[in-house]
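Asks: Sharing a model prediction with you, sequence too.
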Amino acid sequence: MLSNNPYSLEWLNQFQYSDKKVAKDFLNEFEYVESQKIIRELKSFIENYISKTKDNLLLIPVRDIKPSYGAIFSINNNNHGATILLPNVSPGSEALISNLVTQINRAHKSRCFDYEKKSITVNKIRKEAVKTILLVDDVVASGSTSKKFLKSLFANKTLNSWVSGNYVKIVYLAYMCSKTGENAISKHKQKIELMSLYSYPTFDDMEYHKYKKYYNLVYKYSDKSESMIFGYDKCFGKAFFEYSIPNNTPAILWKSYENYLPNTKHLLNLKSWVALFPGRAVPELVSRNFKSNIKRNKNSLRYSFLHTLKSLEKKNKNIDKDDLYLVLKSEYSETREIVKNLQRNNLIDSNLSLTKEGYKELKYLKKRRIEVDYTNEFYYPLSCHD
């Protein structure tokens, strides 16, 4: 929990004693997302998507478009080369997604347009018979970055007409997406298929009494001059990443004030405010603490074959294989590997229903009360040991 991290102590000590418990609870509501998990999950999803379609694909990492940049592809010149992978990208969200796209392009050259060492033009997209453009992003929170990127992408008239005529399909894939972000993309004038692995958590999604408690705390300690009290576009986000905390989270987390003037008058004894994540950077001490907790949780029952078999025994008959990870509350990539192993050993069928051997294995595991670890390549059923 974030409140238990030694790094959080200075920030928490700024709160009055009567508010400190709520401040600790507030921190503990935040969800930490490890970089490798984003890569692992998106990679698994994209490779599964590639295996299901016969289309040639163009993968484009979503990035923040500066006002001076203009169109990604030239508005009228279809031979003008666009640089998709920007050089010297600083570590963080954009570097993470760019590296992922590069890895997938290298591994699937026969299906994905590989532009690592060259620019790409609209005419080359036509020549390579690209039918699907897959836009890859880590998180869509307020949707402002997405809207700017889509505006820049569709500035090219030819590409715009291809999408309008259903010659090219645009798929927007995000690791996380909020309801606000989903609405922003759905309102775009072009048809865009949005896919996200997880919902971006916000305080708005909480029960009202909890939401109000945290809302009052944040407002009370926010500076009077602050325009992003509850984060960019009032998103009130509650997730942060290994590389940074987004600006759609409350500003008191990542913004310091030398001449601090809080919204509540009796807090004026505080002359300054020190941010927990100055400049929105997440300190190594915080990341290291969360990583060690993630490793410990990996040994929990929910990651076992026993838990998977139990869940499949009780599952809804209509559940799709690609949605099973949501039922198991596990990772998308890990769930796919578990399902492959169970099917390989004839413990479940193609409809994810337990076979005769599956029920036998489940009965054996319950009897022995053994939690089974597995590897991606191999699982030997315990019922075969005797």
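Replies: Arrived safely, thanks for sending.
Asks: lowest-pLDDT helix or strand in the chain?
Replies: helix 284-297 (a mean of 65; mean pLDDT, DSSP states H and E).
Asks: roughly how far is the following helix or strand past that helix from the heart of the chain?
Replies: Where DSSP states H and E defines the elements, the next helix or strand beyond helix 284-297 is helix 305-314. The gap between the average C-alpha position of helix 305-314 and the chain average comes to 26 Å, counting by Cα atoms, centre = their mean, to the nearest Å.
Asks: Give me the mean pLDDT for helix 305-314.
Replies: What helix 305-314 shows for mean pLDDT is 76.
Asks: just checking, what packs against that helix?
Replies: Secondary-structure packing of helix 305-314 (3 or more Cβ pairs under 8 Å, 6 or more residues apart in numbering; DSSP states H and E): helix 324-328, helix 332-344, helix 356-368. All C-beta spots, glycine's among them, are computed from the backbone N, C-alpha and C.
Asks: where in this structure is pLDDT low?
Replies: Counting by pLDDT under 70, the chain contains low-confidence ranges at 85-92, 116-118, 267-268, 291-305, 315-318, 367-386.
Asks: quick check: domain ranges of it?
Replies: 2-29+206-296, 35-199, 298-384 (automatic domain parsing).
Asks: As CSV, those with mean neighbour count would be great.
Replies: Compiled in CSV, the domains of the chain are given as follows (neighbours: other Cβ atoms under 10 Å):
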stretch, mean neighbour count
domain 2-29+206-296, 16
domain 35-199, 17
domain 298-384, 16
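Asks: quick one: F26 and Y214 touch, right?
Replies: Yes. F26 is in contact with Y214 according to Cβ atoms under 8 Å; the separation is 5.2 Å.
Asks: What segments of the stretch 51-200 of the chain are helices?
Replies: Assigned by DSSP state H, counting those that start in this stretch, the stretch 51-200 of the chain shows helices spanning 93-107, 122-127, 144-153, 157-164, 179-186.
Asks: same for the last one, what does it pack against?
Replies: The one in question is helix 179-186. strand 130-140, helix 144-153, strand 193-199.
Asks: what separates the last one from the chain centre, distance-wise?
Replies: From the chain centre to the centre of strand 193-199 is a distance of 9 Å (Cα atoms, centre = their mean).
Asks: helices or strands up against it?
Replies: Short answer (3+ Cβ pairs under 8 Å, 6+ apart): strand 193-199 packs on helix 35-52, strand 169-177, helix 179-186.
Asks: do that again at 7 Å, thanks
Replies: Contacts defined by 3 or more Cβ pairs under 7 Å, 6 or more residues apart in numbering; DSSP states H and E place strand 193-199 against strand 169-177, helix 179-186.
Asks: related to what we said a few turns ago, CSV please, covering the helices and strands packed on helix 305-314 and showing distance to N13.
Replies: Listed next are the helices and strands packed on helix 305-314 as CSV, based on distance: least, Cβ to Cβ, whole Å:
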stretch, distance to N13
helix 324-328, 39
helix 332-344, 39
helix 356-368, 49
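Asks: for these, which one sits closest to F113?
Replies: Nearest to F113 among the helices and strands packed on helix 305-314 is helix 332-344 (24.0 Å), distances taken as Cβ to Cβ.
Asks: how many degrees apart are that closest one and helix 35-52 in direction?
Replies: 50 degrees (axes from the mean of the first three to the mean of the last three Cα atoms, to 10 degrees).
Asks: packing partners for helix 332-344?
Replies: helix 35-52, helix 305-314, helix 324-328.
Asks: quick one on the thing from earlier: adding distance to A95, write the helices and strands packed on helix 179-186 out as CSV.
Replies: Compiled in CSV, these are given as follows (distance: least, Cβ to Cβ, whole Å):
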stretch, distance to A95
strand 130-140, 11
helix 144-153, 15
strand 193-199, 20
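Asks: With I50 as the reference, name the closest of those.
Replies: Among the helices and strands packed on helix 179-186, strand 130-140 sits nearest to I50 (Cβ to Cβ), with 9.0 Å.
Asks: Now find how far off-centre the closest one is within its chain.
Replies: With Cα atoms, centre = their mean, you get 13 Å for strand 130-140.
Asks: which residues touch the nearest residue to E313 once chain neighbours are set aside?
Replies: Spatially, and ignoring its direct neighbours in sequence, E313 is nearest to L354 (5.7 Å; Cβ to Cβ, 6 or more residues apart in numbering). The neighbours of L354, taking Cβ atoms under 7 Å, 6 or more residues apart in numbering as the test, are 309, 312-313, 347-348, 362.
Asks: again, but for S8
Replies: Shown in contact with S8 (Cβ under 7 Å, 6+ apart): 2, 27, 276.
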